[in-house]
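**Student:** would you be able to build a 3D model of this:
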Amino acid sequence: MIYIVAIIIPPLALLIQGKIFQALINAVFWLLGIIFVLFGGFIVWAISIVHAVIVVYGAQSDARTQKIVDAINRNKEN
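**Tutor:** This is a model prediction of the structure:
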């Protein structure tokens, strides 16, 4: 679901993932891409989508890794 949001509205997907600074940067590029779509802005717009998808994937990977680390640490305590 978050990947669909990342494709449609990339800055919103980054905000949902808690990446505020990256969302602001992405919003600038996304809006520039939309504004200048007739003058080659499609490339900038596509870059903002790719950036959002990569960041969302990275955030989800970090969350999975943290769950694994927490499980290992719980097992060490027992």
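
**Student:** and the lengthiest helix in the chain, average pLDDT?
**Tutor:** For the chain, the helix with the greatest residue count under DSSP state H is helix 41-77. In this model, helix 41-77 carries a mean pLDDT of 89.

**Student:** ok, residue 23 to residue 66 distance?
**Tutor:** 21 Å (CB to CB, to the nearest Å). To be clear about C-beta, it is placed using only N, CA and C from the backbone, and glycine gets the same treatment.

**Student:** got it, and residue 59?
**Tutor:** In this view, residue 59 and residue 66 are 11 Å apart by CB to CB.

**Student:** neighbour-wise, which of these two wins?
**Tutor:** For residue 59 versus residue 66, the count of surrounding residues by other CB atoms under 10 Å is larger for residue 59: 18 against 10.

**Student:** the closest residue to that one other than its chain neighbours: what's it in contact with?
**Tutor:** Distance criterion CB to CB, 6 or more residues apart in numbering; nearest residue to residue 59, sequence neighbours excluded, is residue 17 at 4.4 Å. If you count contacts by CB atoms under 8 Å, 6 or more residues apart in numbering, residue 17 has them with 2, 55-56, 59.

**Student:** distance to residue 45 added to those residues, as JSON lines?
**Tutor:** JSON lines is the format used below for the contacts of residue 17 (distance: CB to CB, whole Å):
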{"residue": "2", "distance to residue 45": "19"}
{"residue": "55", "distance to residue 45": "16"}
{"residue": "56", "distance to residue 45": "17"}
{"residue": "59", "distance to residue 45": "22"}
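
**Student:** which of the residues you listed count as buried?
**Tutor:** Using 16 or more other CB atoms under 10 Å as the burial test, those include 2, 55-56, 59 as buried.
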